[in-house]
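# coordinates only, sequence not included:
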């Protein structure tokens with residue numbers, strides 16, 4: 001039976017966790033609620049005041065729509081490259097024996113570089129090299145930011161790959177390529193999907209690096225920042241709310257897929 005001290009510790013732990021979640025999620029949830037309030041009052045709207053007015057006005061905002069399209073393209077390319085390169089980096093990690101730690105630290109190092117410094121440094125390098133700011137320069141900056149996270153996610157998914165599977169396949173005459181395609185890839189597929197979605201969301205919401213590296217067509221976070229400072233139409237709240245709901249939906253898909261995969265693996269055969 002649980003002691004009073006254990007119960008008190010559990011209650012305290014849950015209280016701290018709930019308080020932390022409230023602090024983290026209260027601002028975006030408030031922004032989401034305001035996006036359904038056409039009066040944009042400081043307080044939360046009543047149920048009778050909820051409206052899709054600003055969401056209906058979104059298609060008329062050409063600057064926001066253009067920035068959203070630009071961000072989606074950049075995020076997709078970044079996610080594809082980050083997932084592919086992280087997969088190669090993870091495979092190299094398992095091939096290395098004595099230098100695994102050095103390789104791991106090298107790959108995740110950009111994670112610890114502040115976005116301002118990284119964006120400014122890349123901008124200076126590209127300028128000196130004669131490379132004009134464009135979508136490609138933004139993708140380069142976002143790739144440095146997203147790849148370490150994708151690498152860690154994929155590396156974690158390799159826990160499902162047991163060496164005995166590969167040894168058994170090799171004994172049956174399977175080449176390294178067939179071992180990867182037929183055994184490794186199916187087992188780490190959930191990790192690849194998670195890494196792709198994670199990289200996509202990191203790129204879509206990244207502001208600091210894009211601010212230094214964007215060309216004529218800015219990304220959505222940069223445009224939203226400019227419109228917010230200029231006191232533009234409240235439709236930016238609707239755009240922010242839509243992005244927030246889309247991000248939550250992507251994370252929910254990852255969680256559901258992980259639970260589904262975990263249930264399938266535990267089910268008896």
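Looks like it came in fine. Please read all numbers here as calculations on a predicted model, not as lab measurements.

# Tell me how many other residues crowd the closest residue to residue 116 other than its chain neighbours.
Spatial nearest neighbour of residue 116, excluding adjacent residues (Cβ to Cβ, 6 or more residues apart in numbering): residue 208 at 5.6 Å. In this view, the C-beta of every residue, glycine as well, is placed from N, C-alpha and C. Residues near residue 208, counting by other Cβ atoms under 10 Å, number 18.

# Give me the average confidence score over stretch 221-240.
The pLDDT scores in stretch 221-240 average 77.

# still on that earlier bit, how about the residue nearest to residue 116, phi and psi?
Main-chain dihedrals, residue 208, degrees, to the nearest 10: phi -60, psi -50.

# What pLDDT does the model give it?
88.

# I'd like the distance between it and residue 29.
24 Å (Cβ to Cβ, to the nearest Å).

# what secondary structure does residue 216 sit in?
coil (DSSP: H, G, I helix; E, B strand; the rest coil).

# burial of it, as a residue count?
So residue 216, with other Cβ under 10 Å, has 8 neighbours.

# Mind listing residues that contact stretch 100-118?
By Cβ atoms under 8 Å, 6 or more residues apart in numbering, the residues outside stretch 100-118 that reach it are 86, 89, 92-93, 96, 141, 144-145, 147-149, 151-152, 206-209.

# try 10 Å
85-86, 89-90, 92-96, 99, 119-121, 141, 143-152, 155, 206-213 (Cβ atoms under 10 Å, 6 or more residues apart in numbering).

# Buried subset of those residues as a ChimeraX selection?
Here is the ChimeraX selection string for the buried members of those, based on 16 or more other Cβ atoms under 10 Å:
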select :85,86,89,90,93,119,120,141,143,144,145,146,147,148,149,150,151,152,155,206,208,209,210,211,212,213
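
# Can you mark which positions in whichever strand or helix holds residue 90 are buried?
If you go by DSSP states H and E, residue 90 is part of helix 62-95. Judged by neighbour count (16+ other Cβ under 10 Å), helix 62-95 contains these buried residues: 64, 67-68, 70-71, 74-79, 81-83, 85-87, 89-90, 93.

# need the next SSE after it, C-terminal direction.
Counting by DSSP H and E, what follows helix 62-95 is helix 100-108.

# For that following helix, what is the distance to the chain centroid?
21 Å (Cα atoms, centre = their mean, to the nearest Å).

# gap between the following helix or strand past that helix and the chain center?
Where DSSP H and E defines the elements, the next helix or strand beyond helix 100-108 is helix 115-128. Distance, stretch centre to chain centre, for helix 115-128: 22 Å (Cα atoms, centre = their mean).

# Let me see the mean pLDDT of helix 115-128.
The model assigns helix 115-128 a mean pLDDT of 91.

# what do you get for stretch 93-106?
Stretch 93-106 comes out at a mean pLDDT of 86.

# Equivalent analysis for stretch 26-39, please.
Mean predicted confidence for stretch 26-39 is 78.

# swap in stretch 60-71?
pLDDT averaged over stretch 60-71 gives 86.

# can you pull the buried residues of stretch 130-138?
Neighbour counts over stretch 130-138 (16+ other Cβ under 10 Å) mark 135, 137-138 as buried.

# again, but for stretch 24-43
Buried residues in stretch 24-43, counted by 16+ other Cβ under 10 Å: 28, 32, 34-37.

# Identify those among these that sit within helices.
28, 32, 34-35 (DSSP state H).

# any chance of those residues in TSV, plus distance to residue 237?
Shown next, in TSV, are these (distance: Cβ to Cβ, whole Å):
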residue	distance to residue 237
28	11
32	8
34	5
35	4
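
# Out of those, which is nearest to residue 17?
Nearest to residue 17, judged by Cβ to Cβ, of those is residue 28 at 18.1 Å.

# right, and the secondary structure at the nearest residue to the closest one once chain neighbours are set aside would be what?
Nearest non-adjacent residue to residue 28, counting by Cβ to Cβ, 6+ apart: residue 244, 5.2 Å away. For residue 244, the assignment made with three-state DSSP gives helix.

# Let me see the contact set for residue 244.
28-29, 31-32, 35, 205.
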